[in-house]
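> Fold the following, please.
(one chain, ligands or ions: 1)
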Amino acid sequence: MTKIDIFSGFLGAGKTTLIKKLLKEAYKGEQVVLIENEFGEIGIDGGFLKEAGIEIREMNSGCICCSLVGDFGEALKEVIQKYEPDRIIIEPSGVGKLSDVIKAVKKVEGEVDIKLNSFTTLVDVMKCKMYMKNFGEFFSNQIEYAGTIILSRTDKAAEEKVIAALQIIRGLNKSAAVITTPIEKLSGAKILDTMENNRSLEKELLEEEVCPVCGGHHEHHHEEECGHEHHHGEECGHEHHHGEECGHEHHHGEECDHDHHHGEECSHDHHHGEECGHSHHHDEECGHGHHHEEGCDHDHHHTESCGCGHTHDHHDHHHHHADEVFTSWGRETAKTYTEEEIHAILEALSDDEEYGMILRAKGMVEGKNGSWIYFDMVPGEADVREGSPEYTGRICVIGSKLKESSLEKLFKLA
Ligand SMILES: Nc1nc2c(ncn2[C@@H]2O[C@H](COP(=O)(O)OP(=O)(O)OP(=O)(O)O)[C@@H](O)[C@H]2O)c(=O)[nH]1
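Model prediction:
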């Protein structure tokens, strides 16, 4: 039996940091394979894990969070046959939907000897509100479907920030255990134990199939024999979440006829997002595209892309349109830099609209003095450190409306 642990989290939330800690402290002695589905053209994270003897299966050519569930199933089977691991860690792309990843794993559970052991989401408390506001469903889905939520940067965030983030999180997910203690203060075993004992949402998610009463697809928020709450199915006679024109609480845009266009006024209670927080179809405030999750009945024939940065033809109802929101820019380079140059570049990325809205930059390049410079940046935060030599320099920037030629110039690659 191979245990599957899913670690979800928005760009730069701290997934890799946590996985490293668990590998050292909680998964010690286990045969572990990491399946990662990075958003971005160049896989950056793999290196350190390879050094630690961990097998990595990168899925950059296909996304596990949308229609390529079959391929994902094949990848899982292949990994299990080849390595017979004790555990598989799945790190979906930072903008993938956790609910889709859970479903994808569940689908293959009957075919291979695996068990979905945990599904955890990392949330950066410093940016929770901003991400919620700007990226809606891409961000909120990961919170809603998590069995456990781990807050990152509680080591340095003000208490009010942590409490504000908690409020947003609790609005989306009432039952997950939320770890607010900085992870370095907890042992890996303690974290794993917390992750493994919070699985109530799993059942809920699995029941998100066809309703035995009305035959519709509902998202179930409570488990009661059909007795669950419905979003629509008026004929069921149960409590509904989506009673149009009824001013009820909303859980999601799914299968909901009343799309909110252009942030029209809305007087309902919402489960995701402050400042109305419902999904929007058109750009507002932040200037980015928002998800298109509404459960419309038509097929989409256009080619879309999801969080993996690749394009797929979707024949199902999961339209991510992540490519409308997120893009990545990556380069391999033999160019050398000084640490000061890298600091200055990251600062420019943080501060300047000139390059688009930067959500994440990371990479490793050779230093002028022959050492290797590793860097990580999320808005307002940059980490530059020395690391072991890589086979070549690699740079990856992820964001919204990236300006590639400006980025090339900034990294002096033009
Ligand atoms: N102070 C602090 N820094 C953190 C914490 N978690 C992560 N970081 C830093 O944030 C940066 C990004 O962390 P990662 O662990 O690489 O994040 P990730 O979610 O794997 O990022 P992606 O590669 O975008 O998927 C790194 O510089 C980390 O050191 C935390 O709890 N506290």
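> Give the full set of residues in contact with Ile143.
Residues near Ile143 by Cβ atoms under 8 Å, 6 or more residues apart in numbering: 121, 123, 149, 168-169, 172-173, 176. In short, each C-beta sits where N, CA and C put it, glycine included.
> Out of these, name the ones that lie in helices.
Residues from the contacts of Ile143 lying in helices, with DSSP state H as the criterion: 168-169, 172.
> Please indicate which of the contacts of Ile143 are buried?
Using 16 or more other Cβ atoms under 10 Å as the burial test, the contacts of Ile143 include 121, 123, 149, 168-169, 172-173, 176 as buried.
> Out of the residues you listed, which one has the lowest pLDDT?
Least confident of these in the model: Ala176, at 90.
> between the ones in helices among the contacts of Ile143, which is closest to His343?
Distance to His343, by Cβ to Cβ, is smallest for Ile168 among the ones in helices among the contacts of Ile143, at 31.7 Å.
> Relative to the ligand, how far out is the closest one?
In this structure, Ile168 and the ligand are 17 Å apart, going by Cβ to the nearest ligand atom, to the nearest Å.
> I'd say that residue and Met132 touch.
Yes: using Cβ atoms under 8 Å, Ile168 makes contact with Met132 at a distance of 5.7 Å.
> Okay, helices next: where are they in the stretch 301-414 of the chain?
Listed in chain order, the helices of the stretch 301-414 of the chain (DSSP state H, counting those that start in this stretch) span 322-325, 339-351, 404-410.
> mind putting these in TSV, distance to Val384, mean pLDDT and mean neighbour count included?
Shown next, in TSV, are these (distance: least, Cβ to Cβ, whole Å; pLDDT from 0 to 100; neighbours: other Cβ atoms under 10 Å):
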stretch	distance to Val384	mean pLDDT	mean neighbour count
helix 322-325	28	60	22
helix 339-351	5	91	16
helix 404-410	15	93	16
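> Reformat the ones you listed into a markdown table and put distance to the ligand next to each item.
What follows is the helices of the stretch 301-414 of the chain, written out as a markdown table (distance: least, Cβ to the nearest ligand atom, whole Å):
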| stretch | distance to the ligand |
| --- | --- |
| helix 322-325 | 14 |
| helix 339-351 | 11 |
| helix 404-410 | 17 |
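> of all those helices, which lies closest to Ile102?
Among these, the nearest to Ile102 by Cβ to Cβ is helix 322-325 (17.9 Å).
> can you tell me which residues contact Arg331?
Counting by Cβ under 8 Å, 6+ apart, Arg331 has contacts 42, 394-395, 408, 411, 413.
> now do Lys3
Lys3 sits next to 86-88, 114-115, 117 when contact means Cβ under 8 Å, 6+ apart.
> Please pull out the lowest mean pLDDT helix or strand from this protein.
strand 303-305 (a mean of 34; mean pLDDT, DSSP states H and E).
> surely Val112 meets Glu74?
No: proximity of Val112 to Glu74 does not meet the contact threshold set by Cβ under 8 Å, at 10.3 Å.
> you'd agree Leu407 is up against Trp329?
Yes: between Leu407 and Trp329 there is a contact under Cβ under 8 Å: 5.3 Å.
> Now do the shared contacts for those two.
With contacts taken as Cβ under 8 Å, 6+ apart, Leu407 and Trp329 have Val397 as neighbours in common.
> ok and the residue in the stretch 151-300 of the chain nearest the ligand?
Ser152 (3.6 Å; Cβ to the nearest ligand atom).
> quick one, phi/psi of the nearest residue to that residue once chain neighbours are set aside?
Leaving aside its chain neighbours, Ser152 sits nearest to Gly14 (3.5 Å; criterion: Cβ to Cβ, 6 or more residues apart in numbering). Dihedral pair for Gly14: phi 120, psi 20, per degrees, to the nearest 10.
> Gly14: neighbouring residues, count only.
Around Gly14 there are 20 other residues, counting by other Cβ atoms under 10 Å.
> Next up, the contacts around the residue of the stretch 151-300 of the chain closest to the ligand.
9, 13-14, 17-18, 122-125, 183.
> Now the buried members of the residues you listed.
By 16+ other Cβ under 10 Å, those give 9, 13-14, 18, 122-125, 183 as buried.
> now these as CSV including distance to the ligand?
Shown next, in CSV, are the buried ones among the contacts of Ser152 (distance: Cβ to the nearest ligand atom, whole Å):
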residue, distance to the ligand
Gly9, 5
Ala13, 4
Gly14, 3
Leu18, 7
Leu122, 6
Val123, 10
Asp124, 7
Val125, 9
Ile183, 6
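> Please identify which pair of these lies farthest apart.
Of all pairs drawn from the buried ones among the contacts of Ser152, the one with the longest distance (Cβ to Cβ) is Leu18 and Val125, at 14.4 Å.
> Quick check on Met126: phi, psi?
Met126 adopts backbone torsions of phi -70, psi -30, taken as degrees, to the nearest 10.
> What is the burial count for it?
As a burial measure, Met126 scores 22 neighbours (other Cβ under 10 Å).
> again with Leu413
Using other Cβ under 10 Å, Leu413 has 11 other residues around it.
> mind listing what's buried in the top helix by length along the chain?
Counting by DSSP H, the longest helix found in the chain is helix 128-144. By 16+ other Cβ under 10 Å, the buried positions in helix 128-144 come out as 128-129, 131-144.
> just stretch 388-397 next, same as before
390, 393-397.
> least confident pick among these?
For those, the minimum pLDDT belongs to Glu390; the value there is 83.
> My guess is it contacts Trp372. True?
Yes: the criterion here is Cβ under 8 Å, and Glu390 meets it with Trp372 at 6.3 Å.
> Overlap in contacts, those two.
Met364.
> residues touching the closest residue to Ile114 other than its chain neighbours, list them.
Closest residue in space to Ile114, ignoring its immediate chain neighbours: Thr2 at 4.7 Å, by Cβ to Cβ, 6+ apart. Contacts of Thr2 were listed using Cβ under 8 Å, 6+ apart, and they are 80, 84-88, 112-115.
> Same question for Glu30.
Counting by Cβ under 8 Å, 6+ apart, Glu30 makes contact with 85-87.
> before we move on, back to that, what about the longest helix of the chain and the ligand, touching?
No: applying Cβ under 6 Å from any ligand atom, one finds helix 128-144 separated from the ligand by no less than 11.1 Å.
> Send me that helix as CSV with only the CA atoms.
Extracted as CSV, the C-alpha positions of helix 128-144 are listed here (Å, rounded to 0.1, in the frame of the first residue of the first chain):
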residue,chain,number,x,y,z
CYS,A,128,-3.8,35.5,1.8
LYS,A,129,-6.1,38.5,1.5
MET,A,130,-4.4,39.8,-1.6
TYR,A,131,-4.5,36.5,-3.4
MET,A,132,-8.0,35.9,-2.4
LYS,A,133,-9.0,39.2,-3.9
ASN,A,134,-7.1,38.9,-7.1
PHE,A,135,-7.2,35.2,-7.9
GLY,A,136,-10.5,34.0,-6.6
GLU,A,137,-11.1,30.3,-7.3
PHE,A,138,-7.5,29.5,-8.2
PHE,A,139,-6.7,30.3,-4.6
SER,A,140,-9.9,29.5,-2.7
ASN,A,141,-10.4,26.0,-4.1
GLN,A,142,-7.1,24.9,-2.4
ILE,A,143,-8.4,26.2,0.9
GLU,A,144,-11.9,24.8,0.6
